[in-house]
Structure formats: C-alpha cells, structure tokens
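S.K.: predicted model follows, preceded by the sequence.
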Amino acid sequence: MIDEIRETVKDEKVIVAFSGGEDSSLVALLMKEALGKDRVELVTVHFGEFTYSRTEDIIREFSGKYGFKHTYIDGSERQRSIWKHGPSCNACTKLVKLGLVKEYAKGRIVVSGANKSDSWGKTNLKFHQGVYTPLLEFDKKDIREMLDYFGVQIKKIGESRNREGCKLKHLLKMLVKQEYHGRAVSVANELLLSILNEEGFKADLANVKIIGPLSKNIALVNLKPDPPDFLKDKVKEALKSVEVIDEVFFVDTSIELDVVASPSIYRNESSREWILKGRLQPEFSRKVVVRWRESKNNRLRTFQVVGYRRWENGNKG
C-alpha cells in the first residue's frame with residue numbers, strides 16, 4: 001500500500017479529508033509513512049454547533065501528537081442550506097464535507113478514508129475527480145488491524161461504536177429554524193454524551209433523534225446497551241429541561257415511525273427501503289417500522305419523521 005501511495009501521489013502534496021475517526025486517521029498515518037508529514041495537511045469541515053466538542057479535542061490531540069498541519073473550514077452555512085429541505089447525509093458528504101475540502105485543495109490530491117463499508121466503496125473507483133481512496137477494498141476489521149499495526153488507539157466521540165458524525169444527522173426533519181430545530185438536536189446530543197461520560201456508562205449506541213411536525217420537537221433517546229433506570233431518569237429530566245424540546249421518549253421497545261416523504265422517494269420502493277434499513281434502523285436502539293405518507297410540501301426534498309408510537313409484538317401501543 002505504501003508503494004501504491006507513492007506511485008499515485010508522486011511528488012505532490014496531499015490534503016486529507018480528516019474527521020478524527022478511524023478511517024481518516026489511518027489514511028493520515030499511511031500518507032505520513034509514504035510521503036512524510038510535511039507533504040500532508042489535514043483539513044476538517046467544521047459544522048459550528050453541530051460539531052461535537054469531543055471531536056475538536058480528538059483532532060487537536062491527534063494532529064499535535066503526529067506533527068500534522070491541520071486546518072478547519074467552516075461548513076455550517078452550506079450544511080444548513082441542505083438540511084432546510086430535509087435530512088440528506090449523502091448530499092452533505094458530497095457538497096459540504098468533500099466539496100469544501102476539494103475547493104480548499106485547489107487541484108491538489110484529496111485523500112479520503114472511504115472504504116468498503118461506505119457507499120463510495122461500491123463504486124470501485126480508487127481515484128476519481130481528484131479524490132484518492134487508498135482504503136477502497138478494505139473493511140472495518142482490516143482498518144482496525146492496520147491501526148493496531150501502527151500502535152494507534154483512536155479515541156471515540158461516544159455516539160456510536162462504529163460510525164460517528166455531526167449532530168445534525170439526528171435531526172430527522174427540515175431545519176427551518178436554527179434556534180428551534182437546530183438547537184434542539186445540538187443541545188440534546190451533547191447533553192446525552194455528557195451525562196453518559198459523567199456516569200461512566202459505555203455505550204455502543206447513544207443519540208437523540210429529533211422528530212415531529214415543524215411546530216414540535218420530540219426527542220427519541222436511543223441507547224445500547226439498556227441503561228439502568230436511574231440513568232434513564234437522569235437523561236429524561238435533563239432533556240425535559242431544554243426549552244426547545246417538547247417531549248421525550250426512551251426507545252426501549254420496537255417503534256413505528258410516521259414518515260412523510262417527497263414524491264420521488266415515496267413512489268420509489270428501493271429508496272424507501274434504503275432509508276429504513278440504511279439510514280434509520282442502524283441508529284435506533286430497537287426495531288423500526290415505518291408508516292409512509294406522500295408529502296404535499298414541495299420544500300421537502302427528502303423525508304421527515306413526524307410522529308411515533310410503540311410497536312409491541314406487531315401491535316401498536
């Protein structure tokens with residue numbers, strides 16, 4: 001792999017699209033090994049209040065320890081312009097996370113940590129439109145073994161054992177009012193991780209999904225493994241005290257979600273299937289069932305979760 005990197009990059013300098021997670025950290029270390037740290041710059045897109053404070057600590061520690069130059073780019077405005085039409089992680093990755101880094105690179109090679117576990121990994125394009133993905137054929141197990149080879153333990157934000165990201169992905173509706181919808185998802189998720197850290201609770205999954213009609217913020221709390229009752233109560237009380245959260249529900253049983261979707265999604269079975277199995281289910285602590293409706297709102301380009309109910313043994317509760 002080192003030989004391949006040298007052959008691909010030749011004498012150029014590279015920009016690593018850096019999130020602080022396992023994939024981008026491994027790529028940064030591989031680039032340093034192959035090219036030397038002076039030819040490598042780490043660039044992170046910052047999402048304002050939707051970036052976890054823990055992420056900033058992890059990035060600062062990693063770049064300092066290994067002597068990398070690191071730069072932040074502000075992506076908050078562009079991200080909000082996407083989310084005002086509904087959740088869209090794919091558009092955010094392409095237009096904000098990667099798009100802004102490519103603009104900053106100004107023709108230099110951008111190196112991504114995309115791998116077999118990503119949608120990019122299904123393209124089989126290791127070098128495409130100025131983006132180089134040296135981990136394309138590897139999975140998470142391979143990536144962790146390579147990190148072990150370097151003797152590196154990547155610190156985690158705490159929201160997921162595997163994939164982590166910005167807080168905005170947990171807003172499952174249109175971001176119409178930053179001070180209401182945006183603040184709810186930002187404060188709720190930061191608060192949850194703070195409480196778990198304070199209590200020493202190690203979670204494989206920890207997030208607060210904000211759903212509901214635009215006039216109401218409903219917080220759905222997802223935790224794996226199941227927390228003790230005292231911790232549930234502490235989280236509930238803390239979230240109820242947030243002025244922009246109207247209702248709190250712990251997802252401790254199967255759940256049915258009411259989802260309105262744009263006509264292009266509603267009328268496409270494979271799109272609905274992907275949203276359920278690829279977007280929603282992996283980030284919920286229990287089984288998710290969806291009741292779909294076609295949206296009449298032409299501002300909604302993707303989907304919005306407007307309601308929920310318990311789903312126990314196939315019966316709505």
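M.R.: Received it, and whenever you're ready, just let me know what you need.
S.K.: give me the domain ranges for the chain.
M.R.: 2-150, 167-316 (automatic domain parsing).
S.K.: so for the longest one, what's the average pLDDT?
M.R.: It stands for domain 167-316. What domain 167-316 shows for mean pLDDT is 95.
S.K.: looking at the domains of the chain, spot the one closest to residue 157.
M.R.: With C-beta to C-beta as the measure, domain 2-150 is the member of those nearest residue 157 (4.7 Å). In short, each C-beta sits where N, CA and C put it, glycine included.
S.K.: quick check: end-to-end length of that closest one?
M.R.: Using C-alpha to C-alpha, to the nearest Å, the span of domain 2-150 from its first residue to its last is 13 Å.
S.K.: tell me how far the residue nearest the centre of the chain lies from residue 213.
M.R.: Nearest to the geometric centre of the chain sits residue 165, at 2.7 Å (C-alpha atoms, centre = their mean). Going from residue 165 to residue 213 by C-beta to C-beta, to the nearest Å gives 25 Å.
S.K.: cool, residue 2 as well?
M.R.: 53 Å.
S.K.: got the contact list for residue 29?
M.R.: Residues near residue 29 by C-beta atoms under 8 Å, 6 or more residues apart in numbering: 66, 147, 150, 152.
S.K.: might one say that the second one is in contact with residue 27?
M.R.: No. With contact taken as C-beta atoms under 8 Å, residue 147 and residue 27 are classed as non-touching, separated by 10.9 Å.
S.K.: of the two, who's got more company?
M.R.: Legend: neighbour count by other C-beta atoms under 10 Å for residue 147 and residue 27, higher for residue 27 (27 against 17).
S.K.: which elements pack onto the helix or strand residue 220 falls within?
M.R.: Assigned by DSSP states H and E, residue 220 belongs to strand 218-224. Contacting strand 218-224 under the criterion 3 or more C-beta pairs under 8 Å, 6 or more residues apart in numbering; DSSP states H and E are the following elements: helix 183-199, strand 205-211, helix 229-240, strand 247-250, strand 303-312.
S.K.: for residue 137, find the nearest of these.
M.R.: From these, taking C-beta to C-beta, the stretch that ends up closest is strand 205-211, at 27.4 Å.
S.K.: how far does that closest one sit from the chain's center?
M.R.: What separates the centre of strand 205-211 from the centre of its chain is 12 Å, taken as C-alpha atoms, centre = their mean, to the nearest Å.
S.K.: and that strand, what does it pack against?
M.R.: Using 3+ C-beta pairs under 8 Å, 6+ apart: strand 205-211 touches helix 183-199, strand 218-224, strand 303-312.
S.K.: go again with 6 Å.
M.R.: helix 183-199, strand 218-224 (3 or more C-beta pairs under 6 Å, 6 or more residues apart in numbering; DSSP states H and E).
S.K.: ok, the shortest one: who's next to it in the sheet?
M.R.: Pointing back at strand 218-224 there. If you go by DSSP bridges, strand 218-224 pairs up with strand 205-211 (antiparallel), strand 247-250 (parallel).
S.K.: with distance to residue 262 and mean neighbour count added, can I get these in JSON lines?
M.R.: Formatted as JSON lines, those follow (distance: least, C-beta to C-beta, whole Å; neighbours: other C-beta atoms under 10 Å):
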{"stretch": "strand 205-211", "distance to residue 262": "17", "mean neighbour count": "24"}
{"stretch": "strand 247-250", "distance to residue 262": "26", "mean neighbour count": "17"}
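S.K.: could you dump the ones you listed to TSV with distance to residue 49?
M.R.: What follows is the strands paired with strand 218-224, written out as TSV (distance: least, C-beta to C-beta, whole Å):
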stretch	distance to residue 49
strand 205-211	14
strand 247-250	20
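S.K.: out of those, the one nearest residue 141 is which?
M.R.: strand 205-211 (19.2 Å).
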